[in-house]
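J.: quick check, what structure comes out for this input:
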Amino acid sequence: MNDLIQSIRDTLVNTPDSVCLERARLVTEAYQIHAGAPAPLLSAKAFAHVLAHMTLDLGTNPIFAGNTSSRPRAWMLLPEYGFRVPAQAVVENPAFDGFLDGDAVPDDLRAFWKERALGVAAGIGHLVPDHEILLEGGLNGIIEAAESLQANDSDPEARAFREGCIVACRAVIHWAGRYAEAARGAADQTDDGRRKRALLRVAEACTWVPANPARDLFEALQTVVLAHLAIHIEGHGYSVSLGRPDQYLLPYYEKEDAHADVPFFLAGFLLKLSANSLWGSHSKTQCVTLGGVDPDGRDQCNDLTLAFLDAFETIRMPDPHVFVRWHENIDDRVKTRALEMLAADLGMPMLIGDDQTARGLADAGVQPADAWNYCVVGCNELGVPAKLIYDTLSINDAALLRDTLLGIPQPDRIGDMGELMGVLSGTLRDAIRARVSGRRKHRGRIAERLPTPFTSALMDGCLGRGRDMHRALTYDLPTMTERGFTNLVNALAAIERVVFLDRAAPLSQVCHAIENNFQEHAELRAQLLAAPKWGNDDERADKWARAWLNLREQVRKDVEAETGEKPHLCAHVVRSLHHVEGRRLGATPDARLDGEPLADSVGPQTGTALAGPTAALNSVIQLEPATYWRGGYNLNLTLPGPMMARPELREKIKAMADAFFADGGQELQLGCLDSATLKDARAHPEKHRDLIVRVAGFNALFVKLSPVEQDELIRRVEATECK
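T.: You can find the predicted model right below:
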């Protein structure tokens, strides 16, 4: 069976990206056939049309049924949103620049969707469906609940929505039936005993699930696969999460008389998710969250937690990726296994502190039982299964400061940092107001034009309220995502030092320098570079992190009171957007040049962590995530690779992680690499095909990364090796 797993993996790794027009064609046909239907019914019937007619691929991975396009790595297009390549995909793989241009998409499809498409890459994603209700009652249970509600509801909007849910759920049941029939036929045609057994297992399972409750672990895994891929086919994009599978699958795992097949099932399950062809090989950040404590502080790690970690190391694929919830009572076996995986060049798991994360959500209004059931729903964003999604507006802190400085009519009339922060407050207020309005409009357009009745049927309360998930979530708490935090803090510290303490240059000169990309201002740039830097446990810089967070919180609350918006869960999420937004942003007072990337996390800017990793963690601990980062922050901490090679050093890293989380840290993405290995991988990719790295919110096979991302990682590692 290991040979079959390896064969499936090799196919995914070695297959080049292409374009599959099948879904685009089928959705277009459905929109023409059902034109004029209410939006939920139109969406549901288009979804059903795709599932009824799409090609079924049981050859690439026969262990489970489920595919999103007709062949591996062929992009499943979402014409309802537009024919766009995500900007991050181009940063991570320059070959995707223009990938959908020219004749990749036929003219008739472009013409049909020109005025109909929403103009974004995909649906909102960043969610976790209710796996428990799906596994325990099956889709027939959801259909029965919807029909019962219909009998006593005269609200036409609610009735149309629930009818859409019924149509969509029946479509997924029919889709599973198609797989059952196809699997039986394929089993009859093969002489390969292992494939025959796998296909017959699929046929039996898909005859029963997801229509009905899962009866064993395999059926539970098959149900999750079909629901997960169906959510993407319906239109959701990045970061549809698997939630906490070691918890909701545990009852089925415990039913197994023997666990010999479990590693095979879990590896096949993860490979099936890895094959999700929305944007082909581009990572969808489909994350898994393992472990954690319950509200009473009891550790929830179990044998299935360890089995999942083993499966991630077996398949060695960058997507899905995995988080481990860290707390003082965590099973030491899980701690040890996590660090072993990081030492094995896997780039994961990422670690997240339970106490401060759950407390932050509870303080924001999430019920304690739900807060302690949190999971990661993307790169590092936080959510609650079926109840709270990551629905965001974005703020670029570094851009706000630049706009503030260049908008001051007479900069030299600013007498001190307090006055500057007052002006910055006004810029921030205007930015949040504008983005709140924009987010409301965007969310309304999706709910009105592109509801997702299947996904909504799996979200808590939507059926009962008779509304799409965009209008009926249990916790309607939006997120405010920041980038450029470190650049802002460094810039404020630099301005204080150069302008107001040393009096080395007036503020007007700093403004002129950043407006002109420091041309003819080399000496000033050197002075700004020499100023104190965030992430060195240096109060001269760290105080500006706290000052900014206090300012941001006050302005946020003021705007929420003014607009009636619910409290935002603030987050720091980067992925590759530090490159995307950096390319659009002129020079900034931290001495960053026009077009250079922003910092890759809330940690130190690469090359400025002069006092070592402990000092960096001491700075970050001051960020008080339960108050200021309730939506999650990302922290990249790179350590020299040899630190992980010896067990006694791994014990020290374990102790460092324990101390970080005990003192109030929230998320920790550890990278343990050496620059010689990365440089050799860049020069000789054939020797390092399985090397997985954590970049900034996503994992990747290093040899498949863009030169820009490879160089960034090498610089990050070299900076640690110089200490």
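
J.: what's near enough to touch Arg483?
T.: Ser394, Ile395, Asn396, Asp397, Ala398, His572, Val573, Val574, Leu577, His578, Glu581, Leu598 (CB atoms under 8 Å, 6 or more residues apart in numbering). Every C-beta, even on glycine, is put in place using the N, C-alpha and C of the backbone.

J.: model confidence for the second one, exactly?
T.: In other words, Ile395. The confidence metric pLDDT takes the value 96 at Ile395.

J.: before we move on, what SS does it have?
T.: strand (DSSP: H, G, I helix; E, B strand; the rest coil).

J.: any idea whether the nearest residue to it once chain neighbours are set aside is helix, strand or coil?
T.: Excluding the flanking residues, the one nearest Ile395 by CB to CB, 6 or more residues apart in numbering is Glu482, at 5.1 Å. Secondary structure, three-state DSSP: Glu482 is strand.

J.: ok, Asp600 to Pro640 distance?
T.: As judged by CB to CB, to the nearest Å, Asp600 and Pro640 stand 18 Å apart.

J.: for these two, work out which one has more neighbours and name it.
T.: Comparing Asp600 with Pro640 by other CB atoms under 10 Å, the one with more neighbours is Asp600, at 28 against 19.

J.: is it true that the more buried one touches Val574?
T.: Yes: with contact defined as CB atoms under 8 Å, Asp600 and Val574 form a contacting pair (5.6 Å).

J.: what's the overlap in contacts for the two?
T.: Contact criterion CB under 8 Å, 6+ apart; residues shared by Asp600 and Val574: Ala696.

J.: circling back: which residues touch the residue nearest to Ile395?
T.: Counting by CB under 8 Å, 6+ apart, Glu482 makes contact with Ser394, Ile395, Asn396, Asp397, Arg552, Cys570, Ala571, His572.

J.: that's a helix at Ala571, yeah?
T.: No: checked against three-state DSSP, Ala571 lies outside a helix; its state is strand.

J.: quick check: closest non-adjacent residue to Arg201.
T.: Nearest residue to Arg201 in three dimensions, chain neighbours excluded: Phe218, at 6.4 Å (CB to CB, 6+ apart).

J.: how about Glu328?
T.: Of all residues not flanking Glu328 in the chain, Ala662 sits nearest, at 6.6 Å (CB to CB, 6+ apart).

J.: where does the protein have low pLDDT?
T.: The chain contains residues with pLDDT under 70 at 1, 642-643, 722-723.

J.: give me the domain ranges for it.
T.: Segmentation of the chain into domains, based on automatic domain parsing, reads 2-233+255-275, 285-384+646-691+708-723, 392-634.

J.: ends of the first one, what's the gap?
T.: Meaning domain 2-233+255-275. The first and final residues of domain 2-233+255-275 sit 18 Å from each other (CA to CA, to the nearest Å).

J.: what does stretch 341-355 give?
T.: End-to-end distance of stretch 341-355 (CA to CA): 24 Å.

J.: same check, this time on stretch 519-539
T.: 31 Å.

J.: in that stretch, what counts as buried?
T.: Within stretch 519-539, the residues scored as buried using 16 or more other CB atoms under 10 Å are 521, 524-525, 527-528, 531-538.

J.: tell me which of these is nearest to His470?
T.: Nearest to His470, judged by CB to CB, of the buried residues of stretch 519-539 is Trp534 at 36.7 Å.

J.: OK, contacts around the closest one?
T.: By CB under 8 Å, 6+ apart, the residues touching Trp534 are Thr486, Val489, Asn490, Ala493, Ala541, Asp542, Trp544, Ala545, Pro604, Gln605, Thr608, Ser619.

J.: phi, psi for it please.
T.: phi -60, psi 140 (degrees, to the nearest 10).

J.: same check on the one 5 residues further on?
T.: Note on Glu539: its backbone torsions stand at phi -60, psi -30 [degrees, to the nearest 10].

J.: what sits against it?
T.: Per CB under 8 Å, 6+ apart, neighbours of Glu539: none.

J.: just to revisit the earlier point, which of the contacts of Glu482 ranks first by neighbour count?
T.: When the contacts of Glu482 are compared by neighbour count (other CB under 10 Å), His572 ends up highest, at 28 neighbours.

J.: OK, contacts around the closest residue to that one other than its chain neighbours?
T.: With sequence-adjacent residues excluded and distances taken as CB to CB, 6+ apart, His572 is closest to Tyr633, at 4.0 Å. Shown in contact with Tyr633 (CB under 8 Å, 6+ apart): Asn380, Ala571, His572, Ser601, Val602, Leu623, Pro625, Gln666, Glu667.

J.: so the second one sits right up against Pro625, yeah?
T.: No: using CB under 8 Å, Ala571 and Pro625 do not qualify as a contacting pair, with a distance of 9.8 Å.

J.: name the element Gly360 belongs to?
T.: Assigned by DSSP states H and E, Gly360 belongs to helix 354-363.

J.: contacts made by the next helix or strand along the chain from that helix with the rest, please.
T.: Moving toward the C-terminus from helix 354-363, the next helix or strand (DSSP H and E) is helix 368-371. Helix 368-371 is touched from outside by Pro295, Ala358, Arg359, Leu361, Ala362, Val384, Lys387, Leu388, Thr474, Tyr475, with contacts defined as CB under 8 Å, 6+ apart.

J.: can you tell me which of the residues you listed is closest to Arg84?
T.: For the contacts of helix 368-371, the minimum distance to Arg84 (CB to CB) is 27.4 Å, reached by Leu388.

J.: beta partners for that closest one?
T.: Assessed by DSSP bridges, Leu388 has beta-bridge partners Val384.

J.: can you get me a residue count around it?
T.: Leu388: 30 neighbours (other CB under 10 Å).

J.: does it touch Thr474 like I think?
T.: Yes: the criterion here is CB under 8 Å, and Leu388 meets it with Thr474 at 7.0 Å.
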